[in-house]
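# Sharing a model prediction with you, sequence too.
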Amino acid sequence: MLVIENCRLTWPDFEADYSLSVKTGTLCAVIGPSGGGKTTLLHMVAGFERPEGGTLSFNGQNLLPLEPAKRPAAIVFQDHNLFPHLSVAENVALGLRPSLRLSADEKLLVGDMLDAVGLAGFDDRKPGEMSGGQRQRVALARALISGRPLILLDEPFSSLDPSLRRDMILLVDELRRKRPVTIVMTIHTPEDVADVADQMAFVASGRVVASGRPADILNSTLAPRIAAAVSDS
């Protein structure tokens, strides 16, 4: 289980204090208004932001002393963060070995992962030769191939059209059911993930205001605030 308890972060113009629990193997969708602290929450779990207090653990392991590279988490950003001079296969292989010195078995694993995300045969292409949805599949493959059990997705599909965005969410759900991973995903269109996520958390003003089953959150007294958050995104 991912357990966040009273993790506090402060800046001159913003203050956050997060508490949230996510069961291992589930998909938790994080929703809320722009600027409310969704991305900061993921960055804190990944280790890019350091809380001033509180506890943060995953499957019983204290994450706070660990640098980002040592944490059991992989993160996919909205802009996918691919290297334009590397091929698709090389970008994915970075999740295995930053040196790109792969064994024969590891090269086969890269091919298998590309097949899993629907990109078989795209090995030698460069990111600039691909669509936005295809690039996000590459970024997802790189995160999954790392073998890290916690995958953080920071609004990775917000730039895609509704149909493709839904396809990518379904792909994420399919992949996480085949692999023992926990996924925490920020998203500004909760309707796209309501029937897929196991859990939904509403974050605003640097706090987890509510967390529970998606249907319960979307049909709660928070509904007007959620609708306003969606319209502002």
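Structure received. Residues are numbered from 1 along each chain as shown.
# From residue 118, how far out is residue 22?
27 Å (Cβ to Cβ, to the nearest Å). Backbone N, C-alpha and C define where each C-beta goes, glycine included.
# ok, now residue 161?
Between residue 161 and residue 118 the distance is 17 Å, computed by Cβ to Cβ.
# sorry, back to before: of residue 22 and residue 118, which one has the most company?
For the pair residue 22 and residue 118, the greater number of neighbours falls to residue 22 (23 against 13), based on other Cβ atoms under 10 Å.
# so the more buried one makes contact with residue 2?
Yes - counting by Cβ atoms under 8 Å, residue 22 does reach residue 2; the two are 4.3 Å apart.
# overlap in contacts of the two?
Residues within reach of residue 22 and of residue 2 at once, by Cβ atoms under 8 Å, 6 or more residues apart in numbering, are 182, 184.
# Could you chop the protein up by domain?
Taking automatic domain parsing as the reference, the chain has its domains at 2-72+149-232, 83-147.
# okay, those in CSV with mean pLDDT next?
Formatted as CSV, the entries for the domains of the chain read as follows, by pLDDT from 0 to 100:
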stretch, mean pLDDT
domain 2-72+149-232, 91
domain 83-147, 90
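# can you list contacts of stretch 193-204?
The list of residues contacting stretch 193-204 from outside it, by Cβ under 8 Å, 6+ apart, reads 18, 20, 22-23, 26-33, 36-38, 41, 169-170, 173, 185, 187, 190, 208-215, 217-218, 222, 225-226, 229.
# Is there a quick PyMOL command that grabs whichever of those are buried?
A single PyMOL command is used to select the members of those judged buried by 16 or more other Cβ atoms under 10 Å:
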select buried, resi 18+20+22+26+27+28+29+30+31+32+33+36+37+38+41+169+173+185+187+190+208+210+211+214+217+218+222+225+226+229
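# Just to be sure, residue 216 is in a helix?
Yes - the assignment for residue 216 is a helix, going by DSSP: H, G, I helix; E, B strand; the rest coil.
# which residue packs closest to the most centrally placed residue in the chain, ignoring adjacent ones?
Nearest to the mean C-alpha position of the chain, counting by Cα atoms, centre = their mean, stands residue 153 at 1.5 Å. In this structure, residue 153 finds its nearest non-sequential neighbour in residue 185, 3.9 Å apart by Cβ to Cβ, 6 or more residues apart in numbering.
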